[in-house]
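1. all I have is the shape, not the residue letters:
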């Protein structure tokens, strides 16, 4: 497919002249039309090629690339109170693993892994995703997963910067079973071609651009589905509490070089009527400086890729100052959606990207409104690349009581 895109680029370069076609935004309508037609024609072929592809029960062998990854990400939000769980494990080369773990129990407090805002720990298993006391295990293909944690978590306000102080650490144990409630959305197959065509049409076209796009799209893959996590959690000696949470499972694998991403904003929301939505606006300077991707799952189970959105990175905390309220509009499946988000500034955990902290994630919990009527829950994630970042001081991978770190000199940023 992308080889054909390169041929289209070459044809338009010849037709318009390299100077006019390479100018940013130049001849954008013609470029968008050409790309849209080609991507639409190839859409059926992509779907046929994806039919029958299975998700392996064990973590994939990592590619021979320093930026290879195999990442699992789960969110879960209670529908009757303010409780939530966010967990992520991403296997990286050199025996490393990116780990996120944040939770809030309504009436008890906020908790995070004591490694945070650092996210690097040891990869502890080849049979499942495991690191920092957190494990994720595949039980049934695209239907059922088990998420366990047994270890210490820090209680209190989420830290916004690195500190040597451990804080109040409490023993926490939980076991959740996640089961799907929607089909899978495959970003490489199910995304609307119009958003990619619109983003690429705004870029200065060169053969080198299409070569970079081809490489990028052949190296990284992602799919998601929504479901419910049910289980128990025990904190200290307070006894067990039952949890029932609704949220997303996201699986990303291949090669992900964070240096290629300047920033992005991702919205994940589930609404009372059963609608679920994902919207990401991302700036990747080498390919697309303003790409919108995402989808909607409708209450009847149908899925549709987002076709258009007014979301703009320039209006979404471009200056690094995250506000309390945001609003975006988008279309999917022939319908229009207006989504407003009210961020909980007391629940906006931070994690550093990699061993050098060369990027920062802000995971902001939010209440949502769909079309001004239907309430929802979820989060808004902000990512910023920080070129001037310094190594986290005295960073240790895993527990501070585990002894020497075998991967001290490795880097996953």
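-> Sure thing, it's come through. Fair warning: this is a prediction, and the values are worked out from it, not measured in the lab.

2. so where is the stretch 301-413 of the chain shaky, pLDDT-wise?
-> Scanning the stretch 301-413 of the chain for pLDDT under 70 picks out 355-357, 387-413.

3. what about the helices in it?
-> In the stretch 301-413 of the chain, no helices are defined using DSSP state H, counting those that start in this stretch.

4. quick one, strands of it?
-> Ranges of strands in the stretch 301-413 of the chain, per DSSP state E, counting those that start in this stretch, are 303-309, 325-332, 335-343, 350-352, 359-370, 374-385.

5. mean neighbour count and distance to residue 157 for those - can I get that in CSV?
-> Quick note: C-beta positions are derived from backbone N, CA and C, even for glycine. Below are the strands of the stretch 301-413 of the chain laid out as CSV (neighbours: other C-beta atoms under 10 Å; distance: least, C-beta to C-beta, whole Å):
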stretch, mean neighbour count, distance to residue 157
strand 303-309, 19, 33
strand 325-332, 18, 21
strand 335-343, 17, 15
strand 350-352, 24, 11
strand 359-370, 21, 13
strand 374-385, 20, 17
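
6. would you list those in CSV and tack on distance to residue 159?
-> Shown next, in CSV, are the strands of the stretch 301-413 of the chain (distance: least, C-beta to C-beta, whole Å):
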stretch, distance to residue 159
strand 303-309, 32
strand 325-332, 24
strand 335-343, 18
strand 350-352, 7
strand 359-370, 12
strand 374-385, 16
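
7. so which of those strands is nearest residue 65?
-> When these are compared by C-beta to C-beta, strand 359-370 sits nearest residue 65, at 18.4 Å.

8. circling back: I'd like to know which of the strands of the stretch 301-413 of the chain lies nearest to residue 112.
-> Evaluated over the strands of the stretch 301-413 of the chain, closeness to residue 112 peaks at strand 350-352, with 9.1 Å, by C-beta to C-beta.

9. quick one: strands adjacent to the closest one?
-> Its sheet considered, strand 350-352 pairs with strand 359-370 (antiparallel) by DSSP bridges.

10. the partner strand vs strand 335-343, what angle?
-> Between strand 359-370 and strand 335-343, the angle comes out at 120 degrees (axes from the mean of the first three to the mean of the last three C-alpha atoms, to 10 degrees).

11. thinking again about what came up before, so for residue 58, which of the strands of the stretch 301-413 of the chain sits nearest?
-> Closest to residue 58 of the strands of the stretch 301-413 of the chain, according to C-beta to C-beta: strand 350-352, at 25.9 Å.

12. outside of that closest one itself, which residues are in contact with it?
-> For strand 350-352, the external contacting residues (C-beta atoms under 8 Å, 6 or more residues apart in numbering) are 100, 116-119, 158-162, 359-363, 389, 392.

13. ChimeraX command to pick out the buried ones of those?
-> Here is the ChimeraX command that picks out the buried ones among the contacts of strand 350-352, judged by 16 or more other C-beta atoms under 10 Å:
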select :100,116,117,118,119,158,159,359,360,361,362,363,389,392
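
14. which ones are touching the closest residue to residue 364 other than its chain neighbours?
-> Using C-beta to C-beta, 6 or more residues apart in numbering and skipping the chain neighbours, the partner closest in space to residue 364 is residue 348 (4.2 Å). Contact partners of residue 348, counting by C-beta under 8 Å, 6+ apart, are 158, 322, 362-365.

15. any chance of these in TSV, with distance to residue 221 too?
-> Shown next, in TSV, are the contacts of residue 348 (distance: C-beta to C-beta, whole Å):
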residue	distance to residue 221
158	31
322	29
362	25
363	23
364	26
365	28
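
16. what's the closest of those to residue 288?
-> Out of the contacts of residue 348, the member with the shortest distance to residue 288 (by C-beta to C-beta) is residue 362, at 22.2 Å.

17. do a quick rundown of the helices in this structure.
-> 2-16, 18-22, 28-50, 187-190, 193-201, 207-219 (DSSP state H).

18. follow-up on the earlier one: out of the strands of the stretch 301-413 of the chain, nearest to residue 273?
-> Closest to residue 273 of the strands of the stretch 301-413 of the chain, according to C-beta to C-beta: strand 374-385, at 5.2 Å.

19. list the contacts of the nearest residue to residue 236 once chain neighbours are set aside.
-> Spatial nearest neighbour of residue 236, chain neighbours left out: residue 170 (5.3 Å); criterion: C-beta to C-beta, 6+ apart. Residues near residue 170 by C-beta under 8 Å, 6+ apart: 111, 152-155, 235-236.

20. run the last query once more with 6 Å
-> 155, 235-236 (C-beta atoms under 6 Å, 6 or more residues apart in numbering).

21. got those residues as CSV, with neighbour count columns?
-> Formatted as CSV, the contacts of residue 170 follow (neighbours: other C-beta atoms under 10 Å):
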residue, neighbour count
155, 18
235, 20
236, 10
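
22. between those residues, which sits nearest residue 275?
-> Using C-beta to C-beta, the contacts of residue 170 come closest to residue 275 at residue 235, 32.8 Å.

23. surely the closest one is in contact with residue 173?
-> No. With contact defined as C-beta atoms under 6 Å, residue 235 does not reach residue 173; the gap is 8.1 Å.

24. shared neighbours of the two, which are they?
-> Contact criterion C-beta under 6 Å, 6+ apart; no residue bridges residue 235 and residue 173 by contacting each.

25. about what we covered before: quick one: the residue nearest to residue 236 from residue 237, how far?
-> 10 Å (C-beta to C-beta, to the nearest Å).

26. then residue 174?
-> For residue 174, the distance to residue 237 equals 15 Å [C-beta to C-beta].

27. counting neighbours, go ahead and name the busier of the two.
-> Neighbour totals were compared for residue 174 and residue 237, and residue 174 leads with 22 against 7 (other C-beta atoms under 10 Å).

28. hang on, isn't that one packed against residue 150?
-> No. Counting by C-beta under 6 Å, residue 174 stays clear of residue 150, with 8.2 Å between them.

29. okay, now the nearest residue to residue 155 once chain neighbours are set aside: neighbour count?
-> Excluding the flanking residues, the one nearest residue 155 by C-beta to C-beta, 6+ apart is residue 168, at 4.7 Å. For residue 168, the count of nearby residues is 10 (other C-beta under 10 Å).
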